[in-house]
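based on what follows, work out the 3D shape:
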Amino acid sequence: MPFQLKSPLRKEFRLERSDKEFATEGDPTSVIIRQATQGDYELIRDLLNDYRREYDGQTITISQRLSPDDIRRREVYLTLSACNIMDEHGKPLFKFEKERLKNELEFKAAWYRLPPVVAEEIHKYVLEINPLWDDGTLPPVSVEENESEPEVLGEEKLGKD
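Numbers count the residues shown, from 1 in each chain. Here you go, the predicted structure:
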């Protein structure tokens, strides 16, 4: 039988380091990260493009300013499927529609509000489920290892039949 597409793998991760650092009480803080598709990979690579044109023997390079944080933020934007982090008013910080973040500009504004340790821990789990993005081209982040095994979510847990 030929290759058949399946729903991307999703995993739930507990933000144990962040909860410990900020003495979170009650339910643990968690995120669900989705495995990236080819389209997601291409959207990341588009950020890294340099355009080179040669005219009369001279090379002209057109490039854009891009930081490692821009890449990390885009990787999270493309793969974060759920998150229970609340804002100062007790409302969800991130807005989702069909297990995808609803709007990149709104996500960026919300992402900027996170403490760096929380953002780093979320990104660490993005790389865990999407190891092709962890190619060593970005400076390492200093997030401690999560000691518990992440829960693999089957389609039945995600509300699918």
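
for the helix or strand where His123 lies, which positions count as buried?
Element membership of His123, judged by DSSP states H and E, is helix 116-129. Of all the residues in helix 116-129, those buried under the rule 16 or more other CB atoms under 10 Å are Val117, Val118, Ala119, Glu120, Glu121, Ile122, His123, Lys124, Tyr125, Val126, Leu127, Ile129. In short, each C-beta sits where N, CA and C put it, glycine included.

now do stretch 26-44
Thr29, Ser30, Val31, Ile32, Ile33, Arg34, Ala36, Asp40, Ile44.

now do stretch 89-103
Neighbour counts over stretch 89-103 (16+ other CB under 10 Å) mark Leu93, Phe94, Glu99, Leu101 as buried.

ok, so of the residues you listed, who is nearest Leu9?
Nearest to Leu9 among these is Glu99, at 12.6 Å by CB to CB.

excluding chain neighbours, what is closest to the closest one?
In this structure, Glu99 finds its nearest non-sequential neighbour in Ser81, 4.4 Å apart by CB to CB, 6 or more residues apart in numbering.

I'd like to know how many residues surround Gln58.
Residues within reach of Gln58, counting by other CB atoms under 10 Å, total 7.

verify the stated contact: Ile129 with Gln35.
Yes. Shown here, Ile129 and Gln35 form a contact pair, counting by CB atoms under 8 Å, at 5.5 Å.

list the residues that contact both of these two?
Leu9, Thr79 (CB atoms under 8 Å, 6 or more residues apart in numbering).

and which of the buried residues of helix 116-129 is nearest Gly57?
Leu127 (42.2 Å).

good, we can wrap up now.
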